[in-house]
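J.: Starting from these lines, generate the structure:
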Amino acid sequence: MKEYLAPFLVIPLVIGSVNNIDPDLKPKRKVDSIERTMINPVISLPINKRNKLNLEKRTLTINNKQSEHSYKKVLEDITQKREKFNIDYEESTPKERKEVIRKSRDYLINTLTKKVFPYWYGTPWSFNGHTEQPKNGSIACGFFVGTILRDIGFNIDRIRLGIQPSEYIIKNLTDENNIERFSNKSVENVVNKIKVRGKGIYIVGLDFHTGFIFYDGKTKPKFVHSSYYEPFSVVSENIDSDNPLRDSRYRVIGKIFNETMLKKWIKGEKFQIYHDYFKKK
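T.: All right, here's what the predicted structure looks like:
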């Protein structure tokens, strides 16, 4: 089935107190003259002149066919493993099923961080990019999140999810008990809360950006995202380095891979987009 992209509309709306920030406290890398908040689609970020210049100059230098073949094999292995988990789950007692859930979570975190993410590093960012292959075309931040989740076996519409405002993305994947919000707080507050929540995978929503956070319980949390900051590509970097997460004034984090989400993954159940900004009222 073909995928269709919704029109990229710029809709100036307000949420909370984000737009009432002192101008001197706003992010250093203000994008043109347009202010956006979490309520706006994360893919509607305009390209500033420097971004556009760098994107025009950048070229790809890797063997795409070899990369696509290897990546496809990784995804096939994930599918086989998911099917094995499904068999184990169906044949288990209620107590044993909790262990299957735990093992599936460990497997997804390990596979995502060590096998899937690395293939995408260096893939160019663009605000409407929607490639399905690492390093072959460009990808926007929201589509990066949706594509990664689809690729590791979640039955989800990557396009419909990817065009949502980043807070909506999070709310579609986890429940309110796993969500934390920060307004005009330092990045250290985010790091401390992640440490309290514990190791795992998080999705983060920002003023006009989204991505993953990985915390292994030992080292500093990593921000994995398709970045509109240099080098204008998919990167993994410290959460407090020079990136949109550090500069954002509104942040939402949602810890994923909870029991409900993992049961759907194991069974291959469809993820419904209940929080849909573009759905007609």
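
J.: so Asn189 sits right up against Phe182, yeah?
T.: Yes. Under the criterion of CB atoms under 8 Å, Asn189 makes contact with Phe182 at 5.8 Å. (Glycine included, C-beta is placed from N, CA and C.)

J.: between the two, which one's more packed in?
T.: Phe182 (17 against 13; other CB atoms under 10 Å).

J.: In a strand, the more buried one, correct?
T.: Yes. Assessed by DSSP: H, G, I helix; E, B strand; the rest coil, Phe182 belongs to a strand.

J.: so who does the closest residue in space to it that isn't next to it in sequence touch?
T.: With CB to CB, 6 or more residues apart in numbering as the criterion, Phe182 has its nearest non-adjacent residue at 4.5 Å, and that residue is Arg251. Neighbouring residues of Arg251 by CB atoms under 8 Å, 6 or more residues apart in numbering: Arg181, Phe182, Lys185, Val190, Val204, Gly205, Leu206, Leu245.

J.: Span of stretch 156-173 from start to end?
T.: With CA to CA, to the nearest Å as the measure, stretch 156-173 spans 10 Å from end to end.

J.: now that stretch: how far from the chain's centre is it?
T.: 9 Å (CA atoms, centre = their mean, to the nearest Å).

J.: Now do it, average pLDDT.
T.: Here stretch 156-173 scores 97 as its mean pLDDT.

J.: before we move on, what about stretch 203-211?
T.: 97.

J.: Ok, stretch 240-253 next?
T.: Averaged across stretch 240-253, the pLDDT comes to 97.

J.: what comes up buried for it?
T.: Of the residues in stretch 240-253, Asp240, Asn243, Pro244, Leu245, Arg246, Asp247, Ser248, Arg249, Tyr250, Arg251, Val252, Ile253 count as buried by neighbour count, 16 or more other CB atoms under 10 Å.

J.: what about the helices in the chain?
T.: 49-57, 64-90, 94-111, 117-120, 141-151, 158-162, 166-173, 187-197, 244-247, 259-267 (DSSP state H).

J.: Columns distance to Ile213 on top of these, output as CSV?
T.: Converted to CSV, the helices of the chain look like this (distance: least, CB to CB, whole Å):
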stretch, distance to Ile213
helix 49-57, 23
helix 64-90, 21
helix 94-111, 12
helix 117-120, 12
helix 141-151, 11
helix 158-162, 18
helix 166-173, 11
helix 187-197, 7
helix 244-247, 8
helix 259-267, 16
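
J.: The ones you listed: lowest mean pLDDT?
T.: With a mean of 41, helix 49-57 has the lowest mean pLDDT of the helices of the chain.

J.: ok so, going back, take the contacts of Arg251 and lay them out in a markdown table including distance to Asp88.
T.: Converted to a markdown table, those look like this (distance: CB to CB, whole Å):
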| residue | distance to Asp88 |
| --- | --- |
| Arg181 | 37 |
| Phe182 | 38 |
| Lys185 | 42 |
| Val190 | 36 |
| Val204 | 32 |
| Gly205 | 34 |
| Leu206 | 38 |
| Leu245 | 37 |
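
J.: can you tell me which of those residues lies nearest to Thr93?
T.: Distance to Thr93, by CB to CB, is smallest for Val204 among the contacts of Arg251, at 36.7 Å.

J.: thought that closest one was touching Asn243?
T.: No. Counting by CB under 8 Å, Val204 stays clear of Asn243, with 10.7 Å between them.

J.: Quick check: nearest residue in space to Ser126, chain neighbours excluded?
T.: Ser138 (3.9 Å).

J.: can you tell me which residues contact that neighbour?
T.: Leu55, Thr123, Pro124, Trp125, Ser126, Gly129, Thr131.

J.: Tell me the backbone dihedrals of it, please.
T.: phi -120, psi 170 (degrees, to the nearest 10).
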